[in-house]
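Q: let me see the structure of the following:
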Amino acid sequence: MGTANEMLAAALEHHQASRLQEAEALYREIVAVEPTNVDAWHLLGILSQQTGKREEAKSYLNRAIGLNPGIAELHYNLGLVLHSERKGEEAIGCFQRALGIKPGFDDAKNSLALALNDRALACRALGDSQEELENYRRAIELNPNFAGIHVNKGIALKGLGKTDEAIDCFRQALELDPNIALASSSLGLALYERGEIEAAIRLYRKALQQDAADAGTHNNLGLALRLQGKIAEAAQCFRRALELGLDQAEVHSNLGLALHDLGELEEAVVCYERALERDPEFIDGQVGFSTLLLLKGDFETGWPKYEWRWKTGQFKAGEFPQPRWNGEPLAGKTILLQAEQGLGDTIQFVRYVAVLKEMGAKVVFECQKPLLKLLASYRGIDQLVAEGSEPPEFDFHLPLLSVPRVLKTSLATIPGGVPYLFANPELVAYWRVQLAETRGFKIGINWHGRAGHVQAERRDIPIHYFASLTMLPAVRLMSLQKDGGKELSAPAAKAIVNLGDQIDREHGAFMDTAAIMMNLDLVITSDTSIAHLAGALGVPVWVPLPYVPDWRWLLERSDSPWYPTMRLFRQKKLGDWDRVFDEIRTALDDEISKKLR
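A: Okay, here's the model as predicted:
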């Protein structure tokens, strides 16, 4: 037997050559004859950790520390054992002691940074966001080059609503490691929520190149693609997320919504049902299902489900001490009806004032300020008030689109009598004079709704389709579009008279438009408030509809139970406006022929 140093050298040679049994035997022989040999205890502890004997490893390393607590590496290696056992606080203490002895100990810095990252994640689980961020800060100070810590810090900041700071963290992580999938997907989600959809899609695709099995990123990519109108591809993403095991209400609902958009309605119903089986309180699933049911004409189930819209945070109605009306007798009572969504919704549903008047109610109607002058022509409203102003005393209140639920409106009981709104007679006379020199079959047109509407891409119609109607003899097109000047400057639209720049500026929203409509032979409009105005005035109106329209237009039928003077022209497949306008031209030719007879 050689000296202890010779034996230690031989043992270390075995250890480094992965002859662990031989190395262990020699280490044990050394400490048996020389129990104070710190190096032997230290190396025996390291070897025990390598072979999965953690308890022995801790015992040997603690023995070495007891013999010489001033060696940084002893504390560091004990910290590694404790960290592997998920004893984070004890491990952090060991790494800190190692750095106290040897401040420039890079391995200890790195290990402490990782342990602090783990502590931060534990703080997240406990909901302590401030302590979580403090641990990330300390970890990054120790080693600013760990991409994963920057990602985790970004996720924490995003959860606190500090999106810009979070984005900086994700970008820093990607500079350190361009291939870290979580950084790409997290940055994509932050940019998506900031409205940078194209950038988000690129990042989601990059993340999936790095981790194709990330179901959450497939789901998020689907959401972004749907906003771009790439519905079929979005549906594929949602299906892939489900295949990868993301069996959540949100994903089933997302797939249901995509299938709804694609017109695959029966499968969409199944998806919504699956979503609500998994989470009956899932708001988006309930709202999406409600609009699908209403589209299918299932008002009995659809109206109650549509009440889930209040939980989305997208709609607002005043809260009052007086009760919401739920069908109680209204004779001698005052009810406050509140407009709640777009101008077209208000025009469509104000008709219910007449029903409540027949029940004996006094009706106070709160509407959007721009509609005050137009709705003053509704003869059943006892008092009009602007949205946000203080209403007079009342007994009940109800948001406007909740009235059909309370009244249990069915397809057969829609109050469809028109007109119920009326143009100002003086303006009608004024526009009769202004349009007197325009000969032929006068048609008012409108081709797109307000910018930014989620359904705009499907509802809006390129102006050249309308311009093609001027090929018919005697047709005179007049633009009712408020912001259509740029499109009307195109050569194809030169025959369209632009009234939109002249109307509704002085007299109030829709006032000139309504008067002009009373002097036209026909209105042809995309699905906008103009369609509702024409229908409420009782003037002939044709509405070209996308393959899957808004729920209020129902399915297949060419008429509308909401508006007796309305005719619907439907796409037979997604995006096919050509056939729709072929049908419109044929129908228009017939109308002109009738007028000329």
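
Q: so which bits of the host helix or strand of Glu55 are buried?
A: Assigned by DSSP states H and E, Glu55 falls within helix 54-67. Buried residues in helix 54-67, counting neighbours by 16 or more other C-beta atoms under 10 Å, are found at Glu56, Ala57, Lys58, Tyr60, Leu61, Arg63, Ala64, Ile65, Leu67. To be clear about C-beta, it is placed using only N, CA and C from the backbone, and glycine gets the same treatment.

Q: my guess is the fifth one meets Leu80, correct?
A: No: with contact defined as C-beta atoms under 8 Å, Leu61 does not count as touching Leu80 (9.4 Å).

Q: re the thing from before, just the mean pLDDT for the helix holding Glu55, thanks.
A: For helix 54-67, the mean pLDDT works out to 94.

Q: next, the angle from the helix or strand following it to helix 54-67.
A: Later in the chain than helix 54-67, the nearest helix or strand by DSSP H and E is helix 72-84. If you take axes from the mean of the first three to the mean of the last three C-alpha atoms, to 10 degrees, helix 72-84 sits at 150 degrees to helix 54-67.

Q: which helices and strands sit right next to helix 72-84?
A: Judged by 3 or more C-beta pairs under 8 Å, 6 or more residues apart in numbering; DSSP states H and E, helix 72-84 is in contact with helix 38-50, helix 54-67, helix 88-101, helix 106-126.

Q: beyond the last one, next helix or strand please.
A: What it means is helix 106-126. Counting by DSSP H and E, what follows helix 106-126 is helix 129-142.

Q: residues of whichever helix or strand comes after that next one that come out buried?
A: As assigned by DSSP H and E, the chain's next helix or strand after helix 129-142 is helix 147-159. The neighbour-count criterion (16+ other C-beta under 10 Å) identifies Ala147, Gly148, Ile149, His150, Val151, Asn152, Lys153, Gly154, Ile155, Ala156, Leu157, Lys158 as the buried residues of helix 147-159.

Q: list just the nearest of those residues to Ser18.
A: Distance to Ser18, by C-beta to C-beta, is smallest for Gly148 among these, at 29.5 Å.

Q: so that closest one sits against Asp118, correct?
A: No: the pair Gly148 / Asp118 is not scored as a contact, 10.9 Å apart, by C-beta under 8 Å.

Q: where do the contact lists of the two overlap?
A: The contact sets of Gly148 and Asp118 do not overlap (C-beta atoms under 8 Å, 6 or more residues apart in numbering).

Q: that older thread, now for the helix holding Glu55, which elements pack on it?
A: helix 38-50, helix 72-84.

Q: give the buried residues for the last one.
A: Judged by neighbour count using 16+ other C-beta under 10 Å, the buried positions of helix 72-84 are Ala72, Glu73, Leu74, His75, Tyr76, Asn77, Leu78, Gly79, Leu80, Val81, Leu82, His83.

Q: run the angle between that helix and helix 38-50 for me.
A: Using the same axes, to 10 degrees, helix 72-84 lies at 20 degrees relative to helix 38-50.

Q: so for helix 72-84, mean pLDDT?
A: For helix 72-84, the per-residue pLDDT averages 95.

Q: and for it, what's in contact with it?
A: Identification of contacts with helix 72-84 by C-beta under 8 Å, 6+ apart yields 38, 42, 45-46, 49, 54, 57-58, 61-62, 64-65, 68, 88, 90-95, 97-99, 101-102, 105, 107-108, 111-112, 114-115, 118.

Q: CA atoms only for it, dumped as CSV, please.
A: C-alpha atoms of helix 72-84 as CSV (Å, rounded to 0.1, in the frame of the first residue of the first chain):
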residue,chain,number,x,y,z
ALA,A,72,-15.7,26.7,-1.5
GLU,A,73,-15.9,23.5,-3.6
LEU,A,74,-17.3,21.5,-0.7
HIS,A,75,-20.2,23.8,-0.2
TYR,A,76,-20.8,24.0,-4.0
ASN,A,77,-20.9,20.2,-4.4
LEU,A,78,-23.2,19.8,-1.4
GLY,A,79,-25.4,22.5,-3.0
LEU,A,80,-25.6,20.4,-6.2
VAL,A,81,-26.8,17.3,-4.3
LEU,A,82,-29.4,19.3,-2.4
HIS,A,83,-30.6,21.0,-5.6
SER,A,84,-31.0,17.6,-7.3
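
Q: could you give the angle of that helix to helix 88-101?
A: Here helix 72-84 runs at an angle of 160 degrees relative to helix 88-101 (the same axes, to 10 degrees).

Q: quick one: helix 72-84 to helix 106-126, angle?
A: Using the same axes, to 10 degrees: helix 72-84 against helix 106-126 is 30 degrees.

Q: how distant is helix 72-84 from the center of its chain?
A: Centroid displacement of helix 72-84 relative to its chain, using C-alpha atoms, centre = their mean, to the nearest Å, is 47 Å.

Q: where in the protein is pLDDT low?
A: Along the chain, segments meeting pLDDT under 70 span 1-2, 450-457, 596-597.
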